[in-house]
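*Asks:* fold the following and give me the result.
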Amino acid sequence: MRYWIIMGGERLKIGVDMLPLKTGSYTRGIGKYTFNLFSEIISIDTYNDYHFYNVPEKLCAYFRRENTTILERGPTVDDTKMLDVFIITSLMELGIKNVLRPSNLFCKTAIMFYDLIPVIFFEEYLDSVLEEFRIEYIRRLSFIKEFDMIYAISETTKRDLMDLLEIPEEKIRVIYAGLDKNYLISQSSTEKVLDIKHKYRIKDRFVMSTVGLDFRKNISGIFKAFTKIHYDLSLVVVCKLMPEEERSLRDIWSNLELPPNKLILTNYVPVDDLITLYDAAEVFLFPSLYEGFGLPVLEAMSRGCPVITSNISSIPEVCENAAIYVDPYKPDEIAKAIELILNKNKLKTKLIVLGSKQSTKFAWSRVALEVLEGFEALSCKPLHCRKHPRYKLAYFTPLNPLRSGISDYSEDLLPRLGNFVDIDIFVDTDYLPDNKNIKQLFNIYPFNKFDEMNNVSPYDLCVYQIGNSIYHNYMLDYLNKYPGISVLHDVTLCGLILPACSNKGVFDKNKFLEYVFTSYGYNRYSKIKNDFVTNNSLDPYERYPHDLSLNFSKIILDRSILTLVHNSFAKDFLSSQSSFSKVWKINMGFHLDDYDDEFRKSIKLKFNLIDKVIISAFGRIIFTKRIHVLLYAISRLIKDKKIYGIHLYLVGELYDNVKSQIETIINDENLGDFVTITGYVDEEEFNKYLKITDICVNLRYPSSGETSATLIKTLRYGIPVITTNYAQYKEYPDNCCWKVDLGDYEVELLSEYLLELVTNEEARKIMSKNAYEYARENNSMDRVVGQYLKAIDYAIKYKNIIER
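*Replies:* Model prediction:
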């Protein structure tokens, strides 16, 4: 439970050094960031006590609340004796001498950190300053490791802190930035646009850029690009300039033989004028060589101005699919991108729509919540949690008889979750659920009844169980309209998107490309469109389903308040796919039977298998399960090692695309007496095979990032497992789950592992006990339901704050 939301537990005393509000930084990015962030924090958190230092008198009223103390003076070491957390918002104000060092303070410490650009471009920045400033900058960099938490404004800044300063990853929390509320006004009127153009002597259509002479802003690259443009365009540069800087820019422009009247230098403009200039521009151009965040591109997107920007540093995190990316060192690329937007109205419209949508992600309320979560992580005080409220949920999922692991998953989870929350289930319209227990416990409706029911009695939250198949297609429109918790069972969703682009067996290439553009933007769209042009026989069902770089997860992440996954690989991967994506790991849960090796023996005796070591592979028999590798390994055991007391059960439906291969191997290797393919089995039959299994083989490559339910079930039954040393399968402990490397020796390694387990009953017993203990500790349904309740509580309160 979050103390800053539920207002329960012991109050924290939080100190904040607001130094940027007192220095020249106030009118620049860091000052605005500090002002906007902490204004939002105290509007959300009315419970904990805040002590603000270095607040100038003219701004005191903005931060005065019942739970705030406003001080114009700076903080002291003694002040921290009565604080729980102290935050420095700008460590690198080199003109200020008395900076508190975190190791000298008496409380937990945090810092807002923006970029390491002076380190990355050492020669251009630090070599050119006075030695005393260079020494002081480097000295202060050494302080950063001493902070308990570092708030970084982008993943790029986080990586730079880790790579250049060797800061441990666990200390860094990425919080991004928000959009100033001034930008949330409606579009400028035609009259206002004409007035602004007249004011700044702009006569033509124009490209706008907010760059100056700082080499990193790449003004020379912009000017060179304009020598290659075949349009009657002006370049409007919005930046505060000294007279000598303005002369220098005009000289560079003139030396490139560009028309003097086509370069407009506005110098400083008030924010109202800046907004109108964004509204009036044809394109916003920002080919920066490096940014810690990249606020100008966010501002431009919010105003519906198409963005062309760099494909490096933090900028792709901010723009994601809503910009055209160029190599900033290639003026030709910049020029072509400008002409592309001017030539293609549909492209321009798409960029405007995507940019406007993308900009809404960067709300100060989201940034504030990230910071507040950091306070919770820093706090060592116990939190007093109230009783969990009984929420009302709409739960979207497939159910049996649909042959989906997610049907089984939901039917296991729902009865226990329903003890704590009220749940209505919404399913697709083309089948009738057949699980009697679920039908007795819950109301089940076709999904098209949701709007009507929600209007009569609103749900607190929607939960969407989403996997990589067409069974989940009906959920997408509802997730878009009613953001909630998405439980992603796979990280790649081509199996969901490709069927959605087909009608009566005919693949709609344009619809697929539209999904690509929406998820990945113009650059990736252009590449894949070219793939179709150059290869008429391209089969997207063969080419794309296991391409992790084309996973379409952004469609879900961007629409979800919270995304839940079942393994760390999926969590880390998805967290990198979308800015502000909130991804939590929740283990897959099962009801645990008591472990009893003697019971397994009694079942084997009943089926006359007591003298056999039973090896099984469970689930759909498809090419990713690598059954061919398992068959060759079994063949080696029999032919080379003379191990005859084994039997392999392939428990699952044999798919057509591997049927011929599997049957050929069985025949060629004379395995007919040693292998049984069961075909599809119901749950009761499935469990019977689990209970007679001594060793489970669960190979996987490639992977969709899924957690194998059958692997967890085998561990639950105390069965030793052999899997692939790949992606999420690496996460299982070696004491119950041995791993086979991919490559030339895969068959040989698997054969040797099987030989050891088949011939060493004691090793099997030890692994069996370890497997059961692992499942009991990590995969009990009680534990998983507790994780769900925490996620539900968080998502509802987060939703209420964001929407307030």
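
*Asks:* show me the shaky parts of this structure.
*Replies:* 1-9, 380-388, 592-597, 804 (pLDDT under 70).

*Asks:* pull the contacting residues for Leu757.
*Replies:* Residues in contact with Leu757 (Cβ atoms under 8 Å, 6 or more residues apart in numbering) are 613, 694-695, 720, 722, 763-764, 767. To be clear about C-beta, it is placed using only N, CA and C from the backbone, and glycine gets the same treatment.

*Asks:* Three-state assignment for the residue located most distally from the centre of the chain, please.
*Replies:* Distance to the chain centre peaks in the chain at Asn608, reaching 50.8 Å (criterion: Cα atoms, centre = their mean). Secondary structure, DSSP: H, G, I helix; E, B strand; the rest coil: Asn608 is coil.

*Asks:* ok, it to Tyr474 distance?
*Replies:* Distance, Asn608 to Tyr474, by Cβ to Cβ, to the nearest Å: 47 Å.

*Asks:* same question for Val658.
*Replies:* 29 Å.

*Asks:* with Val238 instead?
*Replies:* Distance of Val238 to Tyr474, computed by Cβ to Cβ: 47 Å.

*Asks:* just the buried members of the contacts of Leu757?
*Replies:* Neighbour counting by 16 or more other Cβ atoms under 10 Å classes 613, 694-695, 720, 722, 764, 767 among the contacts of Leu757 as buried.

*Asks:* just those residues now: which is nearest Leu749?
*Replies:* The shortest gap between Leu749 and any of the buried ones among the contacts of Leu757 belongs to Ile722, at 9.3 Å (Cβ to Cβ).

*Asks:* can you tell me, leaving aside adjacent residues, what's nearest to Leu654?
*Replies:* Once flanking residues are discounted, Leu654 sits nearest to Ile621: 4.6 Å by Cβ to Cβ, 6 or more residues apart in numbering.

*Asks:* hang on, the one you found packs against Tyr655?
*Replies:* Yes. Counting by Cβ atoms under 8 Å, Ile621 touches Tyr655, with 6.0 Å between them.

*Asks:* more neighbours: which of these two?
*Replies:* Ranked by neighbour count (other Cβ atoms under 10 Å), Ile621 and Tyr655 place Ile621 first, with 21 against 13.

*Asks:* gap between the more buried one and Tyr268?
*Replies:* Going from Ile621 to Tyr268 by Cβ to Cβ gives 68 Å.

*Asks:* next: Val129.
*Replies:* Taken as Cβ to Cβ, the span from Val129 to Tyr268 is 24 Å.

*Asks:* more neighbours: which of those two?
*Replies:* Higher neighbour count among Val129 and Tyr268: Val129, with 14 against 11, using other Cβ under 10 Å.

*Asks:* which residue is the nearest non-sequential neighbour of the more buried one?
*Replies:* Tyr137 is the one closest to Val129 (Cβ to Cβ, 6+ apart), at 7.9 Å.

*Asks:* what about that neighbour, how many residues close to it?
*Replies:* Neighbours around Tyr137, by other Cβ under 10 Å: 17.

*Asks:* Val238 and Tyr474: which is more packed in?
*Replies:* Remark: of Val238 and Tyr474, Val238 carries more neighbours, 22 against 19, as counted by other Cβ under 10 Å.

*Asks:* pretty sure that one sits against Leu277.
*Replies:* Yes. Between Val238 and Leu277 there is a contact under Cβ under 8 Å: 6.3 Å.

*Asks:* mutual contacts of the two, please.
*Replies:* 208, 266, 269.

*Asks:* which of those residues tops the neighbour count?
*Replies:* That'd be Met208 among these, by other Cβ under 10 Å, with 25 neighbours.

*Asks:* residues contacting that residue?
*Replies:* By Cβ under 8 Å, 6+ apart, the residues touching Met208 are 236, 238, 277-278, 281, 283-285, 300, 305.

*Asks:* so it sits in a strand?
*Replies:* Yes. Counting by three-state DSSP, Met208 is located in a strand.

*Asks:* what pairs with it across the strands?
*Replies:* Beta-bridge pairing of Met208 under DSSP bridges involves Val236, Phe284.

*Asks:* ok, the residue minimising distance to the centre of the chain to Val629 distance?
*Replies:* Residue closest to the average C-alpha location in the chain (Cα atoms, centre = their mean): Ser575, at 2.5 Å. Ser575 is 32 Å from Val629, where distance means Cβ to Cβ.

*Asks:* now swap in Gly24 and tell me
*Replies:* 65 Å.

*Asks:* okay, the two: which has more neighbours?
*Replies:* Just comparing Gly24 and Val629: by other Cβ under 10 Å the higher neighbour count belongs to Val629, 21 against 11.

*Asks:* give the contact list for Ile528.
*Replies:* 513, 516, 550.

*Asks:* out of those residues, which is most surrounded?
*Replies:* The most crowded member of the contacts of Ile528, judged by other Cβ under 10 Å, is Val516 (22 neighbours).

*Asks:* pretty sure it is touching Arg524, no?
*Replies:* Yes. Judged on Cβ under 8 Å, Val516 makes contact with Arg524 at a distance of 6.0 Å.

*Asks:* okay, and the common contacts of these two?
*Replies:* By the contact definition Cβ under 8 Å, 6+ apart, Val516 and Arg524 are jointly contacted by Leu550.

*Asks:* could you work out the end-to-end span of stretch 771-789 for me?
*Replies:* 27 Å (Cα to Cα, to the nearest Å).

*Asks:* can you point out the buried residues in that stretch?
*Replies:* Of the residues in stretch 771-789, 771-776, 778-781, 784-785, 788-789 count as buried by neighbour count, 16+ other Cβ under 10 Å.

*Asks:* a markdown table for the residues you listed, including secondary structure?
*Replies:* Below are the buried residues of stretch 771-789 laid out as a markdown table (three-state DSSP):
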| residue | secondary structure |
| --- | --- |
| Ala771 | helix |
| Tyr772 | helix |
| Glu773 | helix |
| Tyr774 | helix |
| Ala775 | helix |
| Arg776 | helix |
| Asn778 | helix |
| Asn779 | coil |
| Ser780 | strand |
| Met781 | helix |
| Val784 | helix |
| Val785 | helix |
| Tyr788 | helix |
| Leu789 | helix |
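
*Asks:* with respect to Tyr520, which of those is nearest?
*Replies:* Using Cβ to Cβ, Tyr788 is the member of those that sits closest to Tyr520, with 31.3 Å.

*Asks:* contacting residues for Tyr409?
*Replies:* Residues near Tyr409 by Cβ under 8 Å, 6+ apart: 465, 489, 588, 709.

*Asks:* return the closest of those with respect to Ser581.
*Replies:* Distance to Ser581 across these (Cβ to Cβ) is lowest for His489, with 16.6 Å.

*Asks:* roughly how far apart are the nearest residue to the closest one once chain neighbours are set aside and Ala791?
*Replies:* With sequence-adjacent residues excluded and distances taken as Cβ to Cβ, 6+ apart, His489 is closest to Gly467, at 4.2 Å. From Gly467 across to Ala791, the span is 18 Å (Cβ to Cβ).

*Asks:* name the nearest residue to Thr23, ignoring sequence neighbours.
*Replies:* Distances taken as Cβ to Cβ, 6+ apart put Glu93 closest to Thr23, at 5.6 Å, once the chain neighbours are dropped.

*Asks:* list the contacts of that neighbour.
*Replies:* With contact taken as Cβ under 8 Å, 6+ apart, Glu93 is in contact with 19-20, 23, 25, 99.
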